[in-house]
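Participant: Sequence first, then the predicted structure, then my questions.
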Number of protein chains: 2
Amino acid sequence: MPNLSTLDRRHFMSGCAVVAGVALTSSGRAVAQESKPLPAYVDWKRPEAMIVHSNNTLETRREAFGTSLLTPEDKLYIRNNITAPSEAIVKDRDAWEVSIEGVAKPRKLTVGELKQMGLTTVVMVLQCSGNGRAFFDHKPSGTQWQVGAAGCVSWTGVPLKTVVEALGGPAAGAEYVTGTGGETMPAGIDPKTILVERSVPIKALDSIILAWELNGEPISLAHGGPLRMIVPGYTGVNNVKYVKTVNLSEKPSDARIQASRYRMVPLGEKAGPDDPSVWEMEVKSWITSPLTTAKAGEVQITGLAFGGINAIEGVEVSTDGGKTWEKAEFIGPDLGRYAWRPFVLAANLKAGEHLIVSRATDSEGRVQPRDMKPNASGYNHNGWLKHGVTVKVS
Amino acid sequence: MPNLSTLDRRHFMSGCAVVAGVALTSSGRAVAQESKPLPAYVDWKRPEAMIVHSNNTLETRREAFGTSLLTPEDKLYIRNNITAPSEAIVKDRDAWEVSIEGVAKPRKLTVGELKQMGLTTVVMVLQCSGNGRAFFDHKPSGTQWQVGAAGCVSWTGVPLKTVVEALGGPAAGAEYVTGTGGETMPAGIDPKTILVERSVPIKALDSIILAWELNGEPISLAHGGPLRMIVPGYTGVNNVKYVKTVNLSEKPSDARIQASRYRMVPLGEKAGPDDPSVWEMEVKSWITSPLTTAKAGEVQITGLAFGGINAIEGVEVSTDGGKTWEKAEFIGPDLGRYAWRPFVLAANLKAGEHLIVSRATDSEGRVQPRDMKPNASGYNHNGWLKHGVTVKVS
């Protein structure tokens, strides 16, 4: 069993049961959980399910995931890089225009037109690049996400490939799919410094969707309606909200969000163009129950596991901090390569303190590592140790 | 193309677009759609998605299904045989007790205890036995359900088989699984005449779940919380709400709801014990869009299809009332044998009136029939013709 004293308080906090905004410390003393009131634009979210870090950053509480296959929109995390456009753009959703560029016959298409070009649904984990940032020891700046900057949702729309083919196919030299968000650029600021414009490799064209529905309902403005570019298996930032331009471009965007932000930069270095962009997600899992206490005897340990860019293959659970492992079982149907799967292990727990951890394996045999090698901005944490929870069994 | 004059007004109404409670007749004149306000106990349902037939009968509007894989609880139909128990029973969900009888070691178990015995999730179509009653020509009495006394939801709980095995297995002679609802019996009425107690063949034991979650959330009282007996592939009435007794019985219940109600009775006859009980569901499908009008050209025709007790295998669509058929495509992941699948067909529609119908086939090769042979009480209608919609294309 690892030395529990090495787990910092923040890590411990992530394993705390939260009831009505109150968390318990290891001594059982109740403390206020850090959470602000819901911002007005998402006042329809469930307050008891969310940790509000700021106006633009809300995460789902670990205990709020339960066993659901799909995360309801009113519990889904929010991460906006800049302020969302006006609600006016979702008043007449079918009128929203997206400009398709970098194709043989570039043109603008309305959502109404896209709806008659094709229809598909993909279930996928949407996860912020910085999810798990709170678990890095070097305390990178940025939102201190624990596990909840992630959700599993279904997106319905038209395959981008269908649209591109209808417009004569990609132009020569296309290497990237670049999506530009429809946020209003404030005056007096160089747009390139704040523009939400992300490029992903052209190979993603096979799976990208231009989506107008989330979990079967029109996408809320907060989550990118009326139209969002969905790139299954890629971190949240690549799934451009209120997408107004899709360009099959020769080069990646030179907007700052692509050129120097969202890159895997070694500690102490400045981001350069050779540092890998935060694109594909890695295999990951975490425990959802129990989180603080349990009765001795048979306990159903549950969690969530996904493969990121690959399908999830299996997941193991350890109740002794990683000394011994048992294979957990997935429950419910497999919602496809990009979805997560709830899992359960029936374990016989003796009285005492247990560090419960989970370790997932993807379809390519990649295993969730014990520790995550730190990177400057704290992206992509999937180390199983820091995602563990300490449970008092009595 | 069948003679459209044979389609009665009620059938036509089912294909009408409904906007804010208003439907259009064939002449385009707006008429009030018959719907009462939401009853207080389900005032959290979405009014625009529901047709309220009565306090105990609410259906989902055909146009409200959209392309969702799972039906949100706030759009799910309601059919109560008698008034639900008091909200008090969902105040302390884990304290609810169910008596397991007809096993080697009968005993009562609380929901809290069940939660530590096992965990599974099944996605299934929940459908009222009378769904589609409005499409019978003989106008059986009872709620005039169109397509919306159905939804596809996930249930999480413990397999009944796991519980039965933990209690030493079925007692000798067990032939049925009989579930009894926890409704309060009013004084002065013979309980057998109103008791919600249903028996299903013992073979269903392999798939029955004692469920405490619907779509990943605690089941609302309206939908049978704190504990519901879920019998995948069987019509709604067999999925006993607030289940208080589960008995592996030698004989089926002698309560009226089992003994003489919910049986397939020939027209003009009285129900007898040899008339088949309404148990397993049949293959079925219906169109969800377009429902009234469309623009000439390529149109994405969508719908929902399921196999009932069997998996769904395929579905065809006809835009000429069944003269010619084309294979539709399923969209999104397969959620398992008991789930429905949304489907789409891209059709090129010419101006004029089209009767659009769908015809599903299950994994056993059973095909949805053109017409449903009438039965006295109007159960199990799955005839494709009456489920069609007339769409004006211009």
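Facilitator: Yep, it's here.

Participant: Buried ones in stretch A:358-375, by neighbour count?
Facilitator: Buried residues in stretch A:358-375, defined by neighbour count with 16 or more other CB atoms under 10 Å in any protein chain shown: A:S358, A:R359, A:A360, A:T361, A:D362, A:R366, A:Q368, A:M372, A:N375. Glycine gets a C-beta too; all of them are placed from N, C-alpha and C.

Participant: Bridged to the first one, which residues?
Facilitator: A:S358 has the following beta-bridge partners by DSSP bridges: A:V317.

Participant: which residues are in contact with stretch A:359-374?
Facilitator: With CB atoms under 8 Å, 6 or more residues apart in numbering or on different chains as the test, stretch A:359-374 has contacts from A:132, A:135-138, A:140, A:267, A:282-285, A:305-308, A:310-318, A:322, A:325, A:337, A:358, A:380-386.

Participant: Return the alpha-carbon coordinates of that stretch using PDB.
Facilitator: Provided in PDB are the C-alpha atoms of stretch A:359-374 (Å, rounded to 0.1, in the frame of the first residue of the first chain):
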ATOM      1  CA  ARG A 359      -6.700   0.800 -14.100                       C
ATOM      2  CA  ALA A 360      -8.100   0.600 -17.600                       C
ATOM      3  CA  THR A 361      -6.800  -1.000 -20.800                       C
ATOM      4  CA  ASP A 362      -7.700   0.100 -24.300                       C
ATOM      5  CA  SER A 363      -8.300  -2.000 -27.500                       C
ATOM      6  CA  GLU A 364      -4.600  -1.400 -28.500                       C
ATOM      7  CA  GLY A 365      -3.400  -2.800 -25.200                       C
ATOM      8  CA  ARG A 366      -2.400   0.600 -23.800                       C
ATOM      9  CA  VAL A 367      -2.700   0.500 -20.000                       C
ATOM     10  CA  GLN A 368      -3.500   3.500 -17.800                       C
ATOM     11  CA  PRO A 369      -0.200   4.400 -16.100                       C
ATOM     12  CA  ARG A 370       0.400   4.600 -12.300                       C
ATOM     13  CA  ASP A 371       1.700   8.100 -12.600                       C
ATOM     14  CA  MET A 372       1.300  10.800 -15.200                       C
ATOM     15  CA  LYS A 373       4.500  12.400 -16.400                       C
ATOM     16  CA  PRO A 374       4.000  16.100 -15.700                       C
END
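
Participant: quick check: mean pLDDT across it?
Facilitator: Per-residue pLDDT over stretch A:359-374 has a mean of 98.

Participant: so how far is that stretch off the chain centroid?
Facilitator: The chain centroid and the centroid of stretch A:359-374 are separated by 17 Å, computed with CA atoms, centre = their mean, to the nearest Å.

Participant: ok, now stretch A:236-254?
Facilitator: On CA atoms, centre = their mean, the centre of stretch A:236-254 falls 18 Å from the chain's centre.

Participant: now stretch A:246-264
Facilitator: Distance, centroid of stretch A:246-264 to centroid of chain: 19 Å (CA atoms, centre = their mean).

Participant: Pull out the buried positions in it.
Facilitator: A:246-249, A:252-253, A:255-259, A:261-264.

Participant: Would you check how far apart the residue nearest to A:I257 when sequence neighbours are not counted and chain B are?
Facilitator: The spatial neighbour of A:I257 that comes closest, neighbours along the chain excluded (CB to CB, 6 or more residues apart in numbering or on different chains), is A:V196 at 6.0 Å. Separation of A:V196 from chain B (CB to the nearest CB, to the nearest Å): 27 Å.

Participant: which residue ends up closest to the midpoint of chain A in space?
Facilitator: Nearest to the mean C-alpha position of chain A, counting by CA atoms, centre = their mean, stands A:Q127 at 0.6 Å.

Participant: what's near enough to touch that one?
Facilitator: A:Q127 touches A:A149, A:A150, A:G151, A:T235, A:G236, A:M281, counting by CB under 8 Å, 6+ apart.

Participant: Looking at those residues, spot the one nearest chain B.
Facilitator: A:G151 (11.6 Å; CB to the nearest CB).

Participant: Next to chain B, which bits of chain A? Give me the list.
Facilitator: A:66-70, A:72, A:115-123, A:154, A:156, A:213, A:215-217, A:295, A:297-300, A:302, A:331-336, A:339, A:342, A:344, A:346 (CB under 8 Å from any CB of the partner chain).

Participant: mind running it again at 7 Å?
Facilitator: Counting by CB under 7 Å from any CB of the partner chain, chain A comes close to chain B at A:66-70, A:115-116, A:118-121, A:123, A:154, A:156, A:213, A:215-217, A:298-300, A:302, A:331-333, A:335-336, A:342, A:344.

Participant: Filter those residues down to just the ones in strands.
Facilitator: Assignment to strands by DSSP state E places the following of those there: A:120-121, A:123, A:154, A:156, A:213, A:217, A:298-300, A:302, A:342, A:344.
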